[in-house]
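> Just to be clear, the model below is a prediction. Sequence and coordinates:
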Amino acid sequence: HTSIIVHKDEFFYGSGGISSCAPGGTLLGPPDSVVDLGNTEVTEEIFLEYLSSLGESMFRGESYNLFEHNCNTFSNEVAQFLTGRKIPSYITDLPAEVLATPFGQALRPLLDSIQIQPPGGNTFSRHNGQS
């Protein structure tokens, strides 16, 4: 699981769409590691508008796919918008590395059917006042 912490909230993507919570506020708890991608000049208002547009287009819940369009895809997209930097490739390359193994290929049909949404967040919507 990856997410982006910006403007005092944590934002992440799963089968329920884009969600937010206080940093470390999902039931997954605090992160195993944190990668500092730098600072942003993007205001909270512009960021929330951008996030809203992503939630209505590329990152709708039904677009989620564990291997090809996941929390890492979202974190990478948002990181580039905010800082111009990508998240580390050891994170974004992990699904392909798993699928390249015989075990990954054997498990793919099962894993493709799984819908993942880290519990504990609030579904993001610019219109309902949540951030």
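Good, I have the coordinates. Numbering: from 1, shown residues only.

> Model confidence score at the most far-flung residue of the chain relative to its centre, please.
Within the chain, residue 102 marks the point farthest from the mean C-alpha position, 26.8 Å out by Cα atoms, centre = their mean. Taken from the predicted model, the pLDDT recorded for residue 102 is 94.

> Doesn't residue 110 lie inside a strand?
No: if the criterion is DSSP: H, G, I helix; E, B strand; the rest coil, then residue 110 is helix and not within a strand.

> Quick check: it vs residue 32, distance?
For residue 110, the distance to residue 32 equals 24 Å [Cβ to Cβ, to the nearest Å]. C-beta here means a position set from N, CA and C on the backbone, and glycine is covered the same way.

> Name the nearest residue to residue 78, ignoring sequence neighbours.
If you skip the residues right next to it in sequence, residue 78 has residue 4 as its closest partner in space, 4.8 Å away by Cβ to Cβ, 6 or more residues apart in numbering.

> remind me which residues of this protein are low pLDDT?
The model of the chain has pLDDT under 70 over residues 115-131.

> Recalculate using a threshold of 50.
In the prediction, the chain carries residues with pLDDT under 50 at positions 127-131.

> ok, residues contacting the host helix or strand of residue 82?
Under the criterion of DSSP states H and E, residue 82 resides in helix 71-83. Counting by Cβ atoms under 8 Å, 6 or more residues apart in numbering, helix 71-83 makes contact with 1-4, 6, 11-14, 18, 37-40, 42, 47, 50-51, 54, 58-59, 85-87, 91-92, 94-95, 116, 118, all of which sit outside it.

> chain center to that helix, what's the gap?
Helix 71-83 sits 8 Å away from the centroid of its parent chain (Cα atoms, centre = their mean, to the nearest Å).

> how about that helix: buried residues?
Residues of helix 71-83 classed as buried under the neighbour-count rule (16 or more other Cβ atoms under 10 Å) are 71, 72, 73, 74, 75, 76, 77, 78, 79, 81, 82, 83.

> For the next helix or strand after it, what is the distance to the chain centroid?
Downstream of helix 71-83, the next assigned helix or strand under DSSP H and E is helix 89-92. Taking Cα atoms, centre = their mean, one finds the center of helix 89-92 at 13 Å from the center of the full chain.
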